[in-house]
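> any chance you could fold what I've pasted below:
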Amino acid sequence: MGLPINITISAIVLAVNGIVLSADCFVLSEKENSAELSNTDYSKNFMIADFDKPQTTIRHFARHGLCNSYEGKRNLYTAMKTKLCNISLSMIQSVVLDLCRRKNHMLDKWVEELFDIDGNGYITHFEKQFYS
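Here you go, the predicted structure:
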């Protein structure tokens, strides 16, 4: 009667408190008003690639994500402008440049204060883009 419809459901994933619950992959195909559900037997590594990536630590993000590029220093400057009120912009600029020049524990403390919103010690993709 109509055109055949193929719908692929690749993964159903629920992550709660670090526990990942996933269902196998199924294909729903409809041919001539009859639907069948078949297992496609995809491996679980194929389903979720984002969980395999290591998380970015505060120390790594501070040194490599912020202080190694102009855009990173600009994001750090923008973040510090939101925290430091009634301080001249040139003073904030000199603090950012000084922190990036020294790359010590004070840089880590500022990045933790400004960028680590959930407080887990790691910087997620959304936290990296917060001040962009």
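> now the strands for this protein?
Assignment of strands within the chain using DSSP state E yields the ranges 5-9, 12-16, 19-23, 26-31, 34-39, 56-57, 122-123.
> I'd say Lys83 and Phe115 touch.
No - look at Lys83 against Phe115 with C-beta atoms under 8 Å: they stay out of range, at 11.3 Å. The C-beta positions use only the backbone N, C-alpha and C, and glycine is treated the same way.
> more neighbours, those two?
Neighbour comparison, Lys83 and Phe115: the larger count goes to Phe115, with 21 against 11 (by other C-beta atoms under 10 Å).
> which pLDDT does the model give the more buried one?
Predicted confidence (pLDDT) at Phe115: the value is 94.
> contact partners for it?
Contacts of Phe115 were listed using C-beta atoms under 8 Å, 6 or more residues apart in numbering, and they are Ile58, Phe61, Ala79, Ile123, Glu127, Lys128, Phe130, Tyr131.
> make it 6 Å
With contacts defined as C-beta atoms under 6 Å, 6 or more residues apart in numbering, Phe115 is in contact with Ile123, Glu127.
> what's the answer for Ile92, then?
For Ile92, the residues meeting the contact criterion (C-beta under 6 Å, 6+ apart) are Met80, Lys81, Leu84.
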